[in-house]
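J.: got a predicted structure plus its sequence, pasted below:
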6 protein chains.
Amino acid sequence: MRKNHVLAAWREDKQTVGGWLSMDSALSAEMMANTGFDWLCIDLQHGMLDYSDLKIMLPAISTTSTIPFVRVPWNEPYEIMKALDAGAYGVIVPLINNREEAEKAVSACRYPPDGLRSLGPVRAAIYGGPGYIQEANNEIACIVMIETAEALDNLDEILSTPGVDAVYIGPSDLAYAIGLSPTGDNNDPKHVATVNRIFEACKKHNIAAGIHTGSLEYTKRYLNQGFNLVTLGTDSGFMARLAHRELRAAREDTGTDRVDAII
Amino acid sequence: MRKNHVLAAWREDKQTVGGWLSMDSALSAEMMANTGFDWLCIDLQHGMLDYSDLKIMLPAISTTSTIPFVRVPWNEPYEIMKALDAGAYGVIVPLINNREEAEKAVSACRYPPDGLRSLGPVRAAIYGGPGYIQEANNEIACIVMIETAEALDNLDEILSTPGVDAVYIGPSDLAYAIGLSPTGDNNDPKHVATVNRIFEACKKHNIAAGIHTGSLEYTKRYLNQGFNLVTLGTDSGFMARLAHRELRAAREDTGTDRVDAII
Amino acid sequence: MRKNHVLAAWREDKQTVGGWLSMDSALSAEMMANTGFDWLCIDLQHGMLDYSDLKIMLPAISTTSTIPFVRVPWNEPYEIMKALDAGAYGVIVPLINNREEAEKAVSACRYPPDGLRSLGPVRAAIYGGPGYIQEANNEIACIVMIETAEALDNLDEILSTPGVDAVYIGPSDLAYAIGLSPTGDNNDPKHVATVNRIFEACKKHNIAAGIHTGSLEYTKRYLNQGFNLVTLGTDSGFMARLAHRELRAAREDTGTDRVDAII
Amino acid sequence: MRKNHVLAAWREDKQTVGGWLSMDSALSAEMMANTGFDWLCIDLQHGMLDYSDLKIMLPAISTTSTIPFVRVPWNEPYEIMKALDAGAYGVIVPLINNREEAEKAVSACRYPPDGLRSLGPVRAAIYGGPGYIQEANNEIACIVMIETAEALDNLDEILSTPGVDAVYIGPSDLAYAIGLSPTGDNNDPKHVATVNRIFEACKKHNIAAGIHTGSLEYTKRYLNQGFNLVTLGTDSGFMARLAHRELRAAREDTGTDRVDAII
Amino acid sequence: MRKNHVLAAWREDKQTVGGWLSMDSALSAEMMANTGFDWLCIDLQHGMLDYSDLKIMLPAISTTSTIPFVRVPWNEPYEIMKALDAGAYGVIVPLINNREEAEKAVSACRYPPDGLRSLGPVRAAIYGGPGYIQEANNEIACIVMIETAEALDNLDEILSTPGVDAVYIGPSDLAYAIGLSPTGDNNDPKHVATVNRIFEACKKHNIAAGIHTGSLEYTKRYLNQGFNLVTLGTDSGFMARLAHRELRAAREDTGTDRVDAII
Amino acid sequence: MRKNHVLAAWREDKQTVGGWLSMDSALSAEMMANTGFDWLCIDLQHGMLDYSDLKIMLPAISTTSTIPFVRVPWNEPYEIMKALDAGAYGVIVPLINNREEAEKAVSACRYPPDGLRSLGPVRAAIYGGPGYIQEANNEIACIVMIETAEALDNLDEILSTPGVDAVYIGPSDLAYAIGLSPTGDNNDPKHVATVNRIFEACKKHNIAAGIHTGSLEYTKRYLNQGFNLVTLGTDSGFMARLAHRELRAAREDTGTDRVDAII
């Protein structure tokens, strides 16, 4: 079976940088995969993507050695199993609140006797290669999101759940959880303290610590802090940010106003 | 009929800034359309797009007042007519070499008696609104590409063709045409002189002058020169450039190497 | 944030007429949106549509000021959240039986602290514009369906649930619920009485009353009764009804029988 | 090979009523096919459809005994051949001007030695069944459109071309051709006379006469006149006409104005 | 309503042979449907298919008299209802563990008062024809999968659930359930004994017995044993197996090695 | 630039075995690419595929080192250029009749000054990697089909056209060309002699000789004869042949007749 070198790196406490995919385009996915990210995550929770997009985006990523993850829309076993059957080498499961939910997520990722994953890795066995069924339980990353008040109360019991490989922090929902407004890259001391607390808990439980960002600045901050998986940005965000920035500069520097009539 | 305010602007020698679409995603198109470009061009020649993409991308653009253009794959009347029926407010026709080809392109854009466009503006009449059939000949932009050696020999006869509204320069193919290597943003004196010659010919014939670029620098240069339609960049280019730039910075500034194993 | 003028109208007890979308076509959606309905509902429960259709149909509707709703397939939080992230300005949630289920539906529609909606309005923020996150809780309509026997028993507790903006009656399932055969437009006295009872309960609780129909006749009846949201018909229904009617007339009036051989 | 009972009917001068497909939906196509039309034509010239739509729409039609035709976008041999390979039992070829073009269209429809159709009926052989290759030349309808001034000058030479099975009149383009404004259902005496002239020429040359309409009224008129193939209307037209009509009635009869705010 | 002749055959203890669909292609589905299987099952659990594939694959199957089934991804009422609305004549529901789950599956398949299926058979009523709503409860097959340890403990209570028409054995998951490695076609005595036990239980409760295989050998074995529904193989499996076998033979018999360079 | 090891092999007169793709499925393409063919050809001429399928099928093939070719629908420059821009490493051009047509095909494959290919290798530059523009003229295979009577008359002038890398024989059309019925694998002495004549001409002109087959038997025959590119079979053919064969055996060996009612 093809090795999950990203998961292997986390197990050695190494650090990785990832990208986020929100656009339903094989071309976009293939270009992002050629950028040099350690891993890419196809987002089925927010964004405009659905399961049917996996079948064109996962092959596009698989043209490179970038490791493909999928954020499933919910902690729903069959959504997790279908993403894995399609060839995801890890799932990011949103809104895990307690031990029971963490165990449910893990169980959907593991074949018996470790879990209840049903057998039928149609594309996964092609992508993963010979030995997939035997080795998948050890190569597929189960990544749980910590982003609710309840999860903060149950941090240790979630992070100590056998089979949880990593935590992924959703900063906006986390802000809601601690009574702040939902800023993505958040420097509020209360937010920083909460992120730090989660980070320390990951280290204590020997699992990888991860977080979403929307900027180079915060990516560097979290890498410097020791996070193992940090998302630098999103396909659509990279596109829109640079287009906005350069269009504004082009207009301002040359005095070319928009001719657009008001309709 | 909804007015083509971009074409109206060109007729007053005003300047416009456009974007280029190469990704088959309604989300990508809608985000680009919300960036503030005067117009967007969906590229059916290069890139990975085909006619079937128009039916999802044109509505996405039409959620804004950005004017939609289509670069057709070839000077083929039915490809032009289908793009217009789908609601394009202008076509960019590649590789026009002489008067006859320019007339063929114009003819496909105009209903009789001005041309041979066949009647059936299924979506165009929805987007354009009442009066489309009566006014379309005056609102639809016919934009010819000058990018071959033969075209340079026939510049005046092409630019004086009745119904040609604008010229669009393809810098890479133009470089080939004058014996240079196919750089996009090209500062070779021979290339600059050729661009200038085409620009002057447009001004002489009172049609809009346009050019493709891949950078803010060249966009500003051509806007400062007086070009009427300048393409700032491409959806995929904005995405890939910023992703590359920030990923490199994140890795270098934090010493986070790629963990990717060689396969 | 773009205002939800349909919801605003309901709050003033004004009446609106809507259409129903069951066909997976951007063209169909755009044509329906140009017809003049106050709102259109994309049906993900019955019909042949799935989440992946939203990404092409919602932009098509957004070319007009028609307000887009989505009927989700089930009272499943992530299905509601994904529809809203895609830009729906309201969800119709089927088969609400009691207060708990109504609260669950509302919670999925509201950001904290009002509910548990997760943050990531990828297309919604584009369609809704600046301020979406701050104002969405007040602009997004949560519409619950009353169509089961259990719901009839719990009418007051459902309709008094904070955050429920409207009720939508599904006449066929309602007929089942009261022991009748599942006719859509139903004049059975027992059905009429039940509809009236629900209507009165809506008025009592100051929420909008809505109902599905399949005909002009019943649409007028319910508008005359004071319903706030009445569905006139479905894209496929309009098509099939007129095609059937005119084809029969053409054949009968001219004696043109079907030549179709029996296979 | 499955018989083309529509073509057989024409050969006995029988009359058929058809429908027109412009929406990219398998559901729409299947519903239209269940309406009772003798044949349906998928329009690849105007409308928003492309070859890729055939692969979902043709099977949807093939669930019934309705005969599937395709209007190709142009008299381009490979577009004709691909439509036939996909299982079309006839092609409507637009804008035929003279004998040479008619022969080109026929040639693309017929296997050698009758024509130059290349062999590879991937889906056609499934739909047509055993014997397809041997019998296709006799079962596939080649239908040429007469709609240009040049065609009117060459009527006899076009209609006498061996292999041309029918003529299809495009009333709007025909109106252009004779200097009128492009009304679809056209009662201008000059238009009527031209239609009559084409009809008579078809009868003289023993080929089927066909025409496009947009109304029941004109369909009955042309059926009464003896036309062999008359299009009653279009999927999108049926939908939009009835939706408009009933929505207007619902609003007017109940005084329910649109609440839609001006944006 | 079109009869479900496969279900009728099972009721007479007749035997049927089916095929499995895992590829998202209308062409593939139509070719498989023309092969002569009694029924085909579109797999939404494993494989790469999602609900959106049903809308193109079900019409492709409906061009023949082959009966279409869908394996839903989970025992989720709305997934079952949507598959049925799309025209499936039966659902295979995975991972049924006990009576309660069996009742839940049945309930989603039956209109009131037999169950809680919501009314809206958009395509099903077209495919099924007049009388669908009245007769569907008797024609739609509810097929439960027995493949877990818990199910083996509850065999009688599951198989005696009113409305359960058949059992389908998933041999790989069943192997897990009894502590074996997950071989598909499994000759381990313990596996054989368990299959036999389930088969006998089906006979005892007068419901159809079914099983998945991956080979002609096991298909014949189970047909000889008396199973009522046996899956011979999968579209992708047929393709890949023959391609592998013939490619190896071609290379070995002619000494033509792969020229593929190592990349 | 990634090397075209198949073209390199032909230049050393080595032999390769290929497969043919006719189904619009990324899964199918990826499975075929994992079978071990030297190359795969996506067929846009016959079959049900169109340009829009390339964008999902080419990435699926690119997950392996199998070289991707595309059979374009016609010797149309823009169809060739678009296939190459999408990442095809060679095009098979049907129905080449003479030197002029061969030169036209070559020209579309080569950047200036060798040809007239327009610059814009959007996906090709990603798949091919750095140096694509500089090296593409030497790595992209231009493969012409010899299958018409006219081509047989002009064999030497076609095969000696600079830039033609290989010939591909279409046996069915070739049979038509020499007055035989269109059998694919054809043992008619006249057909054999014609194939031999083309093969010898290829050897004389030092270009690769290729041929389509539908069986292992003919693949071995042509490999033994020395052909450089031999197509073993088609995705859909492998699937349908094995499904038919095994279904018949299963029914016959067990006496399980089809229960299918006659409709």
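T.: Happy to help now that I have it. Everything quoted here is computed from the prediction, not taken from an experiment.

J.: any buried residues in stretch A:10-19, and which?
T.: Of the residues in stretch A:10-19, A:10, A:14, A:15, A:16, A:17, A:18, A:19 count as buried by neighbour count, 16 or more other C-beta atoms under 10 Å in any protein chain shown. Every C-beta, even on glycine, is put in place using the N, C-alpha and C of the backbone.

J.: okay, and which of those residues map to strands?
T.: If you go by DSSP state E, the buried residues of stretch A:10-19 have A:16, A:17, A:18, A:19 in strands.

J.: list the contacts for the residue in the stretch 101-250 of chain A positioned nearest to chain F?
T.: With C-beta to the nearest C-beta as the measure, residue A:126 is the residue of the stretch 101-250 of chain A nearest to chain F, at 5.6 Å. Contact partners of residue A:126, counting by C-beta atoms under 8 Å, 6 or more residues apart in numbering or on different chains, are A:87, F:30, F:31, F:34.

J.: now the helix or strand hosting it: average pLDDT?
T.: Element membership of residue A:126, judged by DSSP states H and E, is helix A:124-128. Across helix A:124-128, pLDDT averages out at 97.

J.: now do stretch A:86-106
T.: Mean per-residue pLDDT for stretch A:86-106: 98.

J.: and it, anywhere near chain F?
T.: No: using C-beta under 8 Å from any C-beta of the partner chain, stretch A:86-106 never reaches chain F; the gap is at least 9.4 Å.

J.: now the helices: where do they sit in the stretch 101-250 of chain A?
T.: Along the stretch 101-250 of chain A, counting by DSSP state H, counting those that start in this stretch, helices occupy A:124-128, A:132-139, A:149-153, A:155-159, A:171-177, A:189-204, A:216-225, A:235-254.

J.: among the buried residues of stretch A:10-19, find me the one that's closest to chain D.
T.: Nearest to chain D among the buried residues of stretch A:10-19, counting by C-beta to the nearest C-beta, is residue A:19 at 29.7 Å.

J.: was I right to think the closest one contacts residue A:237?
T.: No: using C-beta atoms under 8 Å, residue A:19 is not in contact with residue A:237; the gap is 9.8 Å.

J.: does the nearest residue to residue A:41 once chain neighbours are set aside count as helix, strand or coil?
T.: The shortest distance from residue A:41 to any non-neighbouring residue, by C-beta to C-beta, 6 or more residues apart in numbering or on different chains, is to residue A:69 (4.2 Å). Classification of residue A:69 using DSSP: H, G, I helix; E, B strand; the rest coil returns strand.

J.: just the one 5 residues further on next, same as before
T.: Secondary structure assignment for residue A:74 (three-state DSSP): coil.

J.: secondary structure element holding the spatially closest residue to residue A:19 that is not a sequence neighbour?
T.: What sits nearest to residue A:19 in space, not counting adjacent residues and going by C-beta to C-beta, 6+ apart, is residue A:37, at 4.3 Å. Taking DSSP H and E as the criterion, no element holds residue A:37; it sits outside all helices and strands.

J.: how many neighbours does residue A:37 have?
T.: Other residues near residue A:37 come to 26 when the count uses other C-beta atoms under 10 Å in any protein chain shown.

J.: for it, which residues are in contact?
T.: With C-beta under 8 Å, 6+ apart, residue A:37 has these contacts: A:17, A:18, A:19, A:66, A:232, B:247.

J.: just checking, residue A:120 touches residue E:44?
T.: No: taking C-beta under 8 Å as the definition, residue A:120 is not a contact partner of residue E:44, at 11.3 Å.

J.: compare the two and say which is more crowded by neighbours.
T.: residue E:44 (28 against 24).

J.: does the more buried one touch residue E:80 like I think?
T.: No: when contacts are counted by C-beta under 8 Å, residue E:44 is not listed as touching residue E:80 (10.5 Å).

J.: which neighbours do those two share?
T.: Shared contacts of residue E:44 and residue E:80, defined by C-beta under 8 Å, 6+ apart, are found at residue E:72.

J.: which non-adjacent residue is nearest residue A:170?
T.: Nearest residue to residue A:170, sequence neighbours excluded (C-beta to C-beta, 6+ apart): residue A:147, at 4.0 Å.

J.: my read is that that neighbour contacts residue A:158, right?
T.: No: Residue A:147 is not in contact with residue A:158 according to C-beta under 8 Å; the separation is 11.5 Å.

J.: number of residues surrounding residue A:153?
T.: Around residue A:153 there are 12 other residues, counting by other C-beta under 10 Å.

J.: go on, residue A:100?
T.: When neighbours are counted by other C-beta under 10 Å, residue A:100 registers 13.

J.: now do the host helix or strand of it and helix A:132-139, the angle between them.
T.: In this assignment (DSSP H and E), residue A:100 forms part of helix A:99-109. Calculated by axes from the mean of the first three to the mean of the last three C-alpha atoms, to 10 degrees, helix A:99-109 forms an angle of 150 degrees with helix A:132-139.

J.: show me how far helix A:99-109 is from its chain's centre.
T.: Relative to the centre of its chain, helix A:99-109 is centred 17 Å away, using C-alpha atoms, centre = their mean, to the nearest Å.

J.: that one: which residues count as buried?
T.: A:99, A:101, A:102, A:103, A:104, A:105, A:106, A:107, A:108, A:109.

J.: and stretch A:149-158, by the same measure?
T.: By neighbour count on 16+ other C-beta under 10 Å, the buried set for stretch A:149-158 is A:151, A:152, A:154, A:155, A:158.

J.: just those now: which is nearest residue E:130?
T.: For residue E:130, the nearest member of these is residue A:151. The distance, counting by C-beta to C-beta, is 53.8 Å.

J.: which intervals of chain A have sub-threshold pLDDT?
T.: Residue ranges of chain A with pLDDT under 70: A:261-263.

J.: for chain E, give me its nearest residue in the stretch 101-250 of chain A.
T.: With C-beta to the nearest C-beta, the shortest gap between the stretch 101-250 of chain A and chain E falls at residue A:120, namely 2.7 Å.

J.: not counting sequence-adjacent ones, nearest residue to that residue?
T.: Closest to residue A:120 by C-beta to C-beta, 6+ apart is residue E:46, at 2.7 Å.

J.: and stretch A:21-34, end to end?
T.: With C-alpha to C-alpha, to the nearest Å as the measure, stretch A:21-34 spans 13 Å from end to end.

J.: please state the offset of it from the chain centre?
T.: 15 Å.

J.: what's the answer for stretch A:25-41, then?
T.: Centroid separation between stretch A:25-41 and its chain, computed with C-alpha atoms, centre = their mean, is 13 Å.

J.: same deal with stretch A:254-262?
T.: Relative to its chain's centre, stretch A:254-262 lies at 39 Å (C-alpha atoms, centre = their mean).

J.: just stretch A:116-127 next, same as before
T.: Distance of stretch A:116-127 from the chain centroid (C-alpha atoms, centre = their mean) equals 21 Å.

J.: again with stretch A:12-20
T.: Centroid separation between stretch A:12-20 and its chain, computed with C-alpha atoms, centre = their mean, is 10 Å.

J.: contacting residues around it?
T.: Residues contacting stretch A:12-20 (C-beta under 8 Å, 6+ apart): A:6, A:9-10, A:32, A:35, A:37-41, A:43, A:69, A:208, A:212, A:219, A:223, A:226-235, A:237, B:243, B:247, B:250-251, B:254, B:256, B:259.

J.: repeat for stretch A:79-87
T.: Residues from elsewhere that reach stretch A:79-87 (C-beta under 8 Å, 6+ apart): A:44, A:51, A:54-55, A:58, A:62, A:68, A:70, A:72-73, A:91, A:93, A:105, A:108-109, A:117-118, A:120-124, A:126-128, A:136, A:140, E:45-48, E:73.

J.: in that stretch, which residues are buried?
T.: Per 16+ other C-beta under 10 Å, stretch A:79-87 contains these buried residues: A:79, A:80, A:81, A:82, A:83, A:84, A:85, A:86, A:87.
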